[in-house]
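Peer 1: sequence? don't have it. structure:
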């Protein structure tokens, strides 16, 4: 099972977060929920449910120091 851990507003931002997680050994998935407006919407970044807490720690650590 996968858990959404971050929602990015652009595809570029989603790829940067995916790269951050990959560099720290996490499997990731990016999905774009259905949007009524083509080209608009957010991108959901998910990790395996069992890695959720560790992924949050990496994300928070990067945001505080980056």
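Peer 2: Great, that's in hand. Please read these numbers as outputs of a predicted model, since none were measured by experiment. Numbers count the residues shown, from 1 in each chain.

Peer 1: buried residues in stretch 9-24?
Peer 2: Burial within stretch 9-24, assessed by neighbour count using 16 or more other C-beta atoms under 10 Å, is assigned to 14, 17-18, 20-21. (Each C-beta comes from the backbone N, C-alpha and C, glycine too.)

Peer 1: So which residues make contact with it?
Peer 2: 6, 8, 28, 30, 42-43, 45, 47, 55, 58-59, 62 (C-beta atoms under 8 Å, 6 or more residues apart in numbering).

Peer 1: Out of the residues you listed, name the ones that lie in helices.
Peer 2: With helices taken from DSSP state H, the overlap with these comprises 55, 58-59, 62.

Peer 1: top of the residues you listed by neighbour count?
Peer 2: The member of these that has the most neighbours, counting by other C-beta atoms under 10 Å, is residue 55 with 23 neighbours.

Peer 1: who are the neighbours in contact with that residue?
Peer 2: With C-beta under 8 Å, 6+ apart, residue 55 has these contacts: 5, 21, 26, 47.

Peer 1: Where does the closest residue in space to residue 43 that isn't next to it in sequence fall, secondary structure wise?
Peer 2: The shortest distance from residue 43 to any non-neighbouring residue, by C-beta to C-beta, 6 or more residues apart in numbering, is to residue 14 (3.7 Å). Element membership for residue 14, per DSSP states H and E: helix 11-23.
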